[in-house]
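Trainee: Quick check, what structure comes out for this input:
(2 chains)
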2 protein chains.
Amino acid sequence: MENSSRVYLYDTTLRDGAQTQGVDFSAADKARIARALDALGLDYIEGGWPGANPTDDSFFSNPPDLGQARLAAFGMTRRAGRSANNDPGLNALFAHDAVSVVTMVGKSWDFQVTVALGIELDENLRMIGDSVAHARTRVSEVMLDAEHFFDGYKANPQYALAALRAALDNGARWAVLCDTNGGSLPHEVERIVSEVVAAGISGDRLGVHCHNDTDSAVANSLAAVKAGVRQVQGTINGLGERCGNANLVSIIPNLMLKMGFETGISEEGLKHLVAVSRTLDEVLDRKPNRSQPYVGASAFAHKGGLHVSAVAKDPACYEHVDPARVGNARQIVVSDQAGRSNIVARMADLGIEIESVKRDALVRVVEAMQVDFDPHEVADLVDLIKRLEHEGYAYDTAAASFELLVRRALGQVPDYFTLERYRVIDERRRNAKGDWVTLSEATVKVEVDGREFMQVGEGNGPVHAFDVALRAVLMGAYPELAGLELADYRVRIVESTAGTGAKTRVTIESTDGQGHRWTTVGVHTNVLEASLEALQDSIAYMLFRFREIR
Amino acid sequence: MENSSRVYLYDTTLRDGAQTQGVDFSAADKARIARALDALGLDYIEGGWPGANPTDDSFFSNPPDLGQARLAAFGMTRRAGRSANNDPGLNALFAHDAVSVVTMVGKSWDFQVTVALGIELDENLRMIGDSVAHARTRVSEVMLDAEHFFDGYKANPQYALAALRAALDNGARWAVLCDTNGGSLPHEVERIVSEVVAAGISGDRLGVHCHNDTDSAVANSLAAVKAGVRQVQGTINGLGERCGNANLVSIIPNLMLKMGFETGISEEGLKHLVAVSRTLDEVLDRKPNRSQPYVGASAFAHKGGLHVSAVAKDPACYEHVDPARVGNARQIVVSDQAGRSNIVARMADLGIEIESVKRDALVRVVEAMQVDFDPHEVADLVDLIKRLEHEGYAYDTAAASFELLVRRALGQVPDYFTLERYRVIDERRRNAKGDWVTLSEATVKVEVDGREFMQVGEGNGPVHAFDVALRAVLMGAYPELAGLELADYRVRIVESTAGTGAKTRVTIESTDGQGHRWTTVGVHTNVLEASLEALQDSIAYMLFRFREIR
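Mentor: Below is the predicted model:
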């Protein structure tokens, strides 16, 4: 019987999750996600499969700085007929200093060994043992992913257990029971894990890795923990091929808020759950799933008339947990009261009282933007934010644009420059030699403190050329802009059914080379106009926030 | 201990599912869905709440012809202070001849009775008993939805049981245990149901109704059945407010194919599962969820290279059930992590042998693209696909571009047109009145069969203008392009740390108005060039694939 209440969380979004159709993380994407996972408080981050995937080698050789999370590399046991020393695929896993943990997958289902691999059962056990022992001489922690463990145990329990012992007896810290084809149900997982523990393998050496093919991956993971397992593998938002991997975003609050387990995540860290979920959606350019448990926009939204008055009396009537604990908020769809409390809270974070924003100031701010609604119909700041979000402005991620909007309404932000006009030209033609020449050129004219400046820039494309020209033209008046870097630039069509005429949302993440990062947003049918809006906000925010510091 | 293996299935898509934000079924929608549910083989269809919702009265007064399914009306017990005879809300439930089953919701959590309703505990029990007894004189079957049952049982088990008995002792066929706020976990459900059965209430009088707030609704339902419950309520695709209702589409195959239970669904009927799921998506105008267990397009799709060769040897290696049993099919997907076998299989689907692609043909195809590697280093087609994917070409989603690439290498695709040159101009300036004017204009020059054509187009932005001009200029030579529509246009930065100079991937989904859909891709640092590549492929594919058909 396991007494320990500490469960270790192992994220494989960047490896198993990456196997999803349509998912292709760049090394930079992986770094961004890894930072978010580390900030949340996860124990292990499986970064990829070095040697098998060029992007993964790139990621591991230039990894992000992590705090508590340990970086794991995934791979296979040595191949049959080679020694662990001489298996290049295996040894590629140890090529990077940043990797302190190696997770190797090995067969634990006899049928797989004889049919899929075509080798003797004993040879497979030696492959596992040799590989783990060899890996222990190269990295500080090794674990086995026992592939198809539950099917393997049902078919030949002794062999499946032997596979686990082959790893654990040779120095593996963990043996992870994988429901590789996702076909198990919770009562089976609970029974099998209990038997494994009863057979003498301690739960604090066991992990579980489930897939969602029966829509039970979360329940299977919890059942395994209940039966003694102390490591849970999964992905953010359940990303994964077929029906997905076990969704850590659901598992974490279930373990911590309902089942009383501890993880590496603090109470404060848990409030980042919504943000981590959204970060992955943003990297993948996916619309967040409103119905996602715990973190979805609708997760605490009450519509049915029966419920709303009861919630007003006592939220415990209808809410199973306090949404604030995971960084979410209650939403009453009928009266939209939650919209208010979110925004009021956010403004309080900025030190601003919502009453101090006057309606005529809001009208002026909106008139400077290009929107589809009448600025004079705006009731108050809350109403304005909702309308802008309906237009496509994603203020939950673009915090700097949110702050600028509010502060502009309060008259706190100077006009750093006025864009007089611009022209961007893209051309592809053949030069005298008959070769293709592609050209993007932008000219920009701005006014700063009554003086006009004009500049031209070239780039890889229209937006790049525009960005080059705009920053060049402002450098004279604001030399600190030399430190401004665009860390991330995302384009998203916000109404995708209108083909190429749809509204575009451009989100920019900027840094100043001094450790500050901020995100701004622009929305327009014309991607240049949307980029301009986001760039202007980025520049204005840098000057507003950080000027005094220099 | 329940011996019966027959589980009754109760669908509440049209009532509880209809409470979802953004869902509004017409009576005709309800009729269509009800017919599909009946054809599948469900036992009960909860059509709505007569008297509370005009659409529902409309539906019940003109119901579709059903075979085995019984039509149920949902409502509340009589209100406090009224007799069952004199409660108009209650009696509205009996207004329609088509309704042979009435399901009424009543409180079973003492806290809810005293706080939300503000009445005595005994009065609530009388409300339940009276209402059930009265309903039994009006319809042939009555059941109680015991609201908040699991929270109620945890708080005051005797009261919760008393609520069930109040219904069952007065003639209710079923008492349904509802996890109304969705906060329960499977082990709690199993324990509580076991205790209810142990307290003397037979499992064959018990139902379960779960919500997905802990991502465990399916598992909770199965746990309840395991503990003795013999009716399961849920919705198609888990439709429902907040995080959704228990998903019958997952529950049904779990019960029938894995747990050995019988339902009203035959083996043949079960093959309609995919169709029923898609029907609801179509009525709601929602994109089907590719990752949905059992019925999703990706539910049986294998991407990871490790898996695919094994599946080819024996599907049981990697599939938890035969997809055909639920009307689904296996899918092999190409991508970065796929080995030879994926690509070979995909080419086989196209009727092409991988050996027939010659290296010099590959070099020619690559030279026509803009890539960062030396075409002469390409070993074979598999190597080429991997290199292109590393460049950003997402061939697992852009199947048409994949096919064109392969067929071009085989010399099977004619040059439909040659782009001679283009120029795109974006300008923002003030007009004579001082107002901002934004302008995007594109000129395009092409050669078709030795003749040159030139055209200009305007648009909301540079890409839109370009698309307008390109299609206009080709319409003369290829009038069928008039039917070409861009259904979806996505832009993705594939290396997001390079700011605005990063490589862009443009993915386009096209239709021809004749039911054909195809996806193409383009990659370039210049978003116009990337769009051009994807557009050219879209046009070429339409002409190549569908020309002969006209």
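
Trainee: Local confidence estimate at the residue in the stretch 201-350 of chain A that chain B sits nearest to?
Mentor: Using CB to the nearest CB, the point where the stretch 201-350 of chain A gets nearest to chain B is residue A:320, with a distance of 2.6 Å. The C-beta positions use only the backbone N, C-alpha and C, and glycine is treated the same way. Confidence at residue A:320, expressed as pLDDT, is 82.

Trainee: and it, how many neighbours?
Mentor: Residue A:320 has 24 neighbours, counted by other CB atoms under 10 Å in any protein chain shown.

Trainee: so it sits in a helix?
Mentor: No. Going by DSSP: H, G, I helix; E, B strand; the rest coil, the assignment for residue A:320 is coil, not a helix.

Trainee: distance between stretch A:276-287 and the chain's centre?
Mentor: 5 Å (CA atoms, centre = their mean, to the nearest Å).

Trainee: circling back: can you tell me the closest non-neighbouring residue to the residue of the stretch 201-350 of chain A closest to chain B?
Mentor: Nearest residue to residue A:320, sequence neighbours excluded (CB to CB, 6 or more residues apart in numbering or on different chains): residue B:183, at 2.6 Å.

Trainee: quick one, what contacts the one you found?
Mentor: By CB atoms under 8 Å, 6 or more residues apart in numbering or on different chains, the residues touching residue B:183 are A:258, A:320, A:321, B:150, B:151, B:213, B:214.

Trainee: Those residues: which two are farthest apart?
Mentor: Largest separation among the contacts of residue B:183 by CB to CB: A:321 and B:150, giving 14.5 Å.

Trainee: Pick out whichever of these two has more residues nearby.
Mentor: residue B:150 (29 against 21).

Trainee: wait, that one sits on residue B:176?
Mentor: No. Taking contacts as CB atoms under 8 Å, residue B:150 lies outside contact range of residue B:176: 12.0 Å.

Trainee: ranges for the strands of the stretch 1-150 of chain A?
Mentor: A:8-11, A:44-48, A:70-76, A:101-107, A:141-147 (DSSP state E, counting those that start in this stretch).

Trainee: For these, could you give me a markdown table that also reports distance to chain B and mean pLDDT?
Mentor: Converted to a markdown table, those look like this (distance: least, CB to the nearest CB, whole Å; pLDDT from 0 to 100):
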| stretch | distance to chain B | mean pLDDT |
| --- | --- | --- |
| strand A:8-11 | 16 | 98 |
| strand A:44-48 | 10 | 97 |
| strand A:70-76 | 8 | 97 |
| strand A:101-107 | 8 | 97 |
| strand A:141-147 | 9 | 98 |
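
Trainee: Of those, which is nearest residue A:396?
Mentor: With CB to CB, the closest approach to residue A:396 among those belongs to strand A:8-11: 22.5 Å.

Trainee: outside of the closest one, which residues touch it?
Mentor: Strand A:8-11 is contacted by residues A:37, A:41-46, A:72, A:176, A:207, A:230-236, A:248, A:252, A:263-265 when judged by CB under 8 Å, 6+ apart.

Trainee: Tell me which of the residues you listed fall in helices.
Mentor: With helices taken from DSSP state H, the overlap with those comprises A:37, A:248, A:252.

Trainee: so how many other residues sit close to residue A:327?
Mentor: Per other CB under 10 Å, the neighbour tally for residue A:327 reads 18.

Trainee: residue ranges with poor pLDDT in chain A?
Mentor: Applying pLDDT under 70 to chain A flags residues A:1-3, A:302-318, A:330-342, A:345, A:493-502, A:547-550.

Trainee: show me the contacts for the residue of the stretch 201-350 of chain A closest to chain B.
Mentor: Per CB under 8 Å, 6+ apart, neighbours of residue A:320: B:181, B:182, B:183, B:213, B:214.

Trainee: let's go with 7 Å and repeat that
Mentor: B:181, B:182, B:183, B:213 (CB atoms under 7 Å, 6 or more residues apart in numbering or on different chains).

Trainee: element containing the residue of the stretch 151-300 of chain A found nearest chain B, please.
Mentor: Per CB to the nearest CB, residue A:183 is where the stretch 151-300 of chain A lies closest to chain B, at 2.6 Å. Counting by DSSP states H and E, no helix or strand carries residue A:183.

Trainee: what are the bridge partners for residue A:231, then?
Mentor: Here residue A:231 sits in beta bridges with residue A:8, residue A:207, as judged by DSSP bridges.

Trainee: Stretch A:386-397: how far from the chain's middle?
Mentor: 20 Å.

Trainee: and that stretch, does that touch chain B?
Mentor: No. Between stretch A:386-397 and chain B, judged by CB under 7 Å from any CB of the partner chain, nothing touches; the nearest distance is 13.7 Å.

Trainee: Spell out which residues of the stretch 1-150 of chain A are next to chain B.
Mentor: Checking the stretch 1-150 of chain A against chain B by CB under 7 Å from any CB, the hits are A:19, A:21, A:22, A:24, A:26, A:28, A:29, A:53, A:54, A:112, A:115, A:116.

Trainee: and the two most separated of these?
Mentor: A:28 and A:115 (40.4 Å).

Trainee: Give me the more crowded residue out of the two.
Mentor: Comparing residue A:28 with residue A:115 by other CB under 10 Å, the one with more neighbours is residue A:28, at 23 against 14.

Trainee: bridging residues for the residue nearest to residue A:470 when sequence neighbours are not counted?
Mentor: The shortest distance from residue A:470 to any non-neighbouring residue, by CB to CB, 6+ apart, is to residue A:444 (5.3 Å). Beta-bridge pairing for residue A:444 (DSSP bridges): residue A:422, residue A:455.

Trainee: pretty sure residue A:444 contacts residue A:468?
Mentor: No. Contact criterion CB atoms under 7 Å: residue A:444 and residue A:468 do not qualify, at 9.4 Å.

Trainee: Between the two, tell me which one has more neighbours.
Mentor: residue A:444 (27 against 22).

Trainee: starting at the chain centroid, how far to stretch A:227-246?
Mentor: Here the centre of stretch A:227-246 is set off from its chain's centre by 15 Å, with CA atoms, centre = their mean.

Trainee: Buried residues in stretch A:415-432, which are they?
Mentor: Residues of stretch A:415-432 classed as buried: A:416, A:417, A:422, A:423, A:424, A:425, A:426, A:427, A:428 (neighbour count, 16 or more other CB atoms under 10 Å in any protein chain shown).

Trainee: Need those residues in TSV (columns: secondary structure and distance to residue A:82).
Mentor: What follows is the buried residues of stretch A:415-432, written out as TSV (DSSP: H, G, I helix; E, B strand; the rest coil; distance: CB to CB, whole Å):
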residue	secondary structure	distance to residue A:82
A:416	coil	64
A:417	coil	64
A:422	strand	61
A:423	strand	63
A:424	strand	57
A:425	strand	59
A:426	strand	54
A:427	strand	56
A:428	strand	51
